[in-house]
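J.: Attaching a predicted model along with its sequence, questions to come.
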Amino acid sequence: MTTLAPSDATPSRPLPADDASLTAFGYRQELHRSLGRYASFAAGFSFISVLTTVFQFFAVGYAFGGPVFFWTWPAVLVGQLLVAACFAELAARYPISGAIYQWSTRLSTPSFGWFAGWIMVIGQIVVVAAAALALQMVMPPLWSGFQLVGGDPSPTSATGAANAAVLGVILLALTTLVNVVDNRVMSLINRVGVTAEIVGAILIVVLLLTHSERSPGITFHLGEAGRSGLLAALLTGSLTAAYVLIGFDSAGEMSEETHHPRRTSPRTILTALGAAGLLGGLLVLGGILAAPSLTDGGLASGGLSYVLTSSLGDGVGRVLLADVVIAIAVATLAIQTAACRMLFSMARDGVLPCSRVLSRVSPRTGMPTGPALVVGVCAAALLLLNFASPDAFLAIGTTCIVMLYLAYAMVTGPMLVRRVRGTYRGSRADGTDETGRPLFSLGRWGLPVNALALLYGLFMTVNLAWPRAAVYDPTGGHWYFQWFTVLFLGATIALGAAFRWTRARRPLPEPALA
């Protein structure tokens, strides 16, 4: 663990309050603390990125759920708000980079926390790859010249999948560059991109709702998905909402770069998820209501891009798609940044291979360069799976959700155990934030909210990882894609266990509430 040098805090030069909060955990301030409240909000919102993710997975949700898949959105949103409320409490008490790893470690044991962080960082790398693939859903419809490989732009075709990988690698090269330049540059791009995304999302929602072809009552119909039954349609259709509404913990990941993190991070975690949930739900509803047809196959193949260009006109549709491209680029940047902070946090404790390199922060830029390169290269390598089969698109998307949901449960689980045992102090006044106000707390609602958050997370993890052949291997003959999520998760845990067994780890501090 990085320790504070004696020269870093002297009676003649006291540490700023935010930095002093970090030293209480035994860490030295190395990342540049330059993010305000809106930048913190932008970190969480841009990871969720409703324009990126709804455009990317709307077609999947509709194909398997029909119009009724809309109702999976509020259900998933409520479940994730329960998780976010637990995380908000922890963000106030542990304002440290590597949030999931740090929280799980201090609530359970160093070994359990290590696996939570390991699963989370691998999941984040997969999310980076999945986000970069989203360009294929909007760039070829925006301009046919962006179809660099073959002629069929559909991501479920061989040429579309290959082109998605090419576009994704180009984007990852750019985001990796930004992640090694300066955190002020990264923050500026984030803030501008999130503002453009929010404005664009609101405009798209207004245009879709004013071009409705049918009433909201259509969302109670199964459509062609009725052959599999209502329950199956809802369980499978929930993939879209589950994929979209993750990453709200990123505000916690950026705590060491945020001013007044004990007060700011909890609120931005909740507001980022709430804003994204509202806008995303309206986008899904608007797409269903404004689609020219619900039965011509357009929604199940082209998703919202099909609705924009066919219902709003080619010109307006292309302008809005350009805004979605910006959202995808910013989302990929934000997700990569979050993964970098997780790698940095774990490496700083000396619990990863090449920890010395991965924990090094440039004094000039305040950015950990090693993690940025590792995340960029690993995500780009995952994109090569798209050349093997178009089915890799859905396999990668589902895998990243399951990894993050499991890592979240490895925080809410130990948190619940502590509440039941009476050793968790988040239910009563246990400190103040940087403004002197009590830390964010769920109070008497802590136990039921925590219990429901854990149950929801475990249920969705199993639901999303279930190897449905019709979903993950629709063309048949690729058993490894049907079982990809289970296999990938098993390999991740096995690799982590092998590393822990073969290398004597440096012990972490005993879990303790600050």
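T.: Arrived safely.
J.: which residue sits closest to Gly160, ignoring its sequence neighbours?
T.: Ser154 (4.5 Å; Cβ to Cβ, 6 or more residues apart in numbering). Yep, even glycine has a C-beta here, placed from its N, CA and C like the rest.
J.: Can you name the residues that contact that neighbour?
T.: Under the criterion of Cβ atoms under 8 Å, 6 or more residues apart in numbering, the neighbours of Ser154 are Gly160, Ser301, Gly302.
J.: per-residue confidence for the second one?
T.: If you check Ser301, the pLDDT there is 82.
J.: So it sits against Pro153, correct?
T.: No. The criterion here is Cβ atoms under 8 Å, and Ser301 misses it with Pro153 at 10.5 Å.
J.: pretty sure Leu208 is touching Val284, no?
T.: No. Counting by Cβ under 8 Å, Leu208 stays clear of Val284, with 9.9 Å between them.
J.: picking that back up, can you tell me which of the contacts of Ser154 is nearest Met346?
T.: Of all these, the one with the least separation from Met346 (Cβ to Cβ) is Gly160, at 36.2 Å.
J.: Let's see the pLDDT reported for that closest one.
T.: Residue-level confidence at Gly160 comes out at 91, pLDDT.
J.: list the helices and strands the helix or strand where it lies packs on?
T.: For Gly160, the host element (DSSP states H and E) is helix 158-181. With contacts taken as 3 or more Cβ pairs under 8 Å, 6 or more residues apart in numbering; DSSP states H and E, helix 158-181 sits against helix 110-133, helix 135-142, helix 183-210, helix 314-348, helix 369-383, helix 385-388, helix 392-421.
J.: Tell me where the model's unsure across the stretch 1-150 of the chain.
T.: Low-confidence segments of the stretch 1-150 of the chain (pLDDT under 70): 1-19.
J.: Could you look up the SS state of Pro474?
T.: Recorded secondary structure, Pro474: coil (DSSP: H, G, I helix; E, B strand; the rest coil).
J.: Contact partners for the residue nearest to it when sequence neighbours are not counted?
T.: In space, and not counting its chain neighbours, Pro474 is closest to Asp391: 7.1 Å by Cβ to Cβ, 6+ apart. Applying Cβ under 8 Å, 6+ apart to Asp391 gives the contacts Tyr472, Asp473, Pro474, Thr475, His478, Phe481.
J.: Most neighbours of all those, which one?
T.: Using other Cβ atoms under 10 Å as the neighbour criterion, Phe481 leads those with 27 neighbours.
J.: Tell me the confidence at it?
T.: So, for Phe481, pLDDT stands at 86.
J.: Please name the residues that touch it.
T.: Going by Cβ under 8 Å, 6+ apart, the list of residues near Phe481 reads Ser389, Asp391, Ala392, Leu394, Ala395, Tyr472, Asp473.
J.: Just give the number of residues close to the fifth one.
T.: Going back to what we said before, that points to Ala395. 26.
J.: do the first one as well
T.: Summarising burial for Ser389: neighbours were counted as other Cβ under 10 Å, giving 18.
J.: Quick check: it touching Ala165?
T.: No. At 11.5 Å, Ser389 and Ala165 do not qualify as touching, with contact defined as Cβ under 8 Å.
J.: first to last residue in stretch 294-301, what's the distance?
T.: With Cα to Cα, to the nearest Å as the measure, stretch 294-301 spans 11 Å from end to end.
J.: show me where pLDDT drops low in the stretch 351-500 of the chain?
T.: Counting by pLDDT under 70, the ranges of the stretch 351-500 of the chain that qualify are 426-430.
J.: Now do stretch 106-117: distance to the chain's middle.
T.: Chain-centre distance of stretch 106-117: 20 Å, with Cα atoms, centre = their mean, to the nearest Å.
J.: start at 57 instead
T.: OK, 57 is where the count begins now, so the last one is stretch 162-173.
J.: Dump the contacts of Phe537 into a markdown table; add distance to His315 as well.
T.: Rendered in a markdown table, the data for those read as follows (distance: Cβ to Cβ, whole Å):
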| residue | distance to His315 |
| --- | --- |
| Ser445 | 47 |
| Asp447 | 45 |
| Ala448 | 41 |
| Leu450 | 40 |
| Ala451 | 40 |
| Tyr528 | 44 |
| Asp529 | 48 |
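J.: of all these, which comes closest to Tyr83?
T.: Of all the contacts of Phe537, Ala451 has the smallest distance to Tyr83: 37.3 Å, by Cβ to Cβ.
J.: contacting residues around the nearest residue to that closest one once chain neighbours are set aside?
T.: With Cβ to Cβ, 6+ apart as the criterion, Ala451 has its nearest non-adjacent residue at 4.0 Å, and that residue is Phe540. Neighbour list for Phe540: Ala451, Thr454, Thr455, Tyr528 [criterion: Cβ under 8 Å, 6+ apart].
J.: From those residues, pick the one nearest Gly117.
T.: Of all the contacts of Phe540, Thr454 has the smallest distance to Gly117: 12.3 Å, by Cβ to Cβ.
J.: what's the burial count for the closest one?
T.: Other residues near Thr454 come to 28 when the count uses other Cβ under 10 Å.
J.: Could you measure from it over to Leu514?
T.: Thr454 sits 16 Å away from Leu514, going by Cβ to Cβ, to the nearest Å.
J.: before we move on, what about Asp405?
T.: Distance, Asp405 to Leu514, using Cβ to Cβ: 27 Å.
J.: Pull out the buried positions in stretch 207-224.
T.: By 16 or more other Cβ atoms under 10 Å, the buried positions in stretch 207-224 come out as 208-212, 214-224.
J.: Stretch 313-325 too?
T.: For stretch 313-325, a neighbour-count test (16+ other Cβ under 10 Å) marks 313-325 as buried.
J.: Return the closest of those with respect to Thr393.
T.: Of all the buried residues of stretch 313-325, Glu313 has the smallest distance to Thr393: 9.7 Å, by Cβ to Cβ.
J.: ok, that closest one - contacts?
T.: Leu87, His88, Arg89, Ser90, Leu91, Ser153, Asn239, Gly422.
J.: Contact partners for the fifth one?
T.: Spelled out, that is Leu91. By Cβ under 8 Å, 6+ apart, the contact list for Leu91 reads Ala99, Asn239, Ser243, Met310, Glu313, Thr314, His315.
J.: would you list the residues you listed in JSON lines and tack on secondary structure and distance to Ala332?
T.: JSON lines is the format used below for the contacts of Leu91 (DSSP: H, G, I helix; E, B strand; the rest coil; distance: Cβ to Cβ, whole Å):
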{"residue": "Ala99", "secondary structure": "helix", "distance to Ala332": "12"}
{"residue": "Asn239", "secondary structure": "helix", "distance to Ala332": "23"}
{"residue": "Ser243", "secondary structure": "helix", "distance to Ala332": "19"}
{"residue": "Met310", "secondary structure": "coil", "distance to Ala332": "17"}
{"residue": "Glu313", "secondary structure": "helix", "distance to Ala332": "21"}
{"residue": "Thr314", "secondary structure": "strand", "distance to Ala332": "19"}
{"residue": "His315", "secondary structure": "coil", "distance to Ala332": "23"}
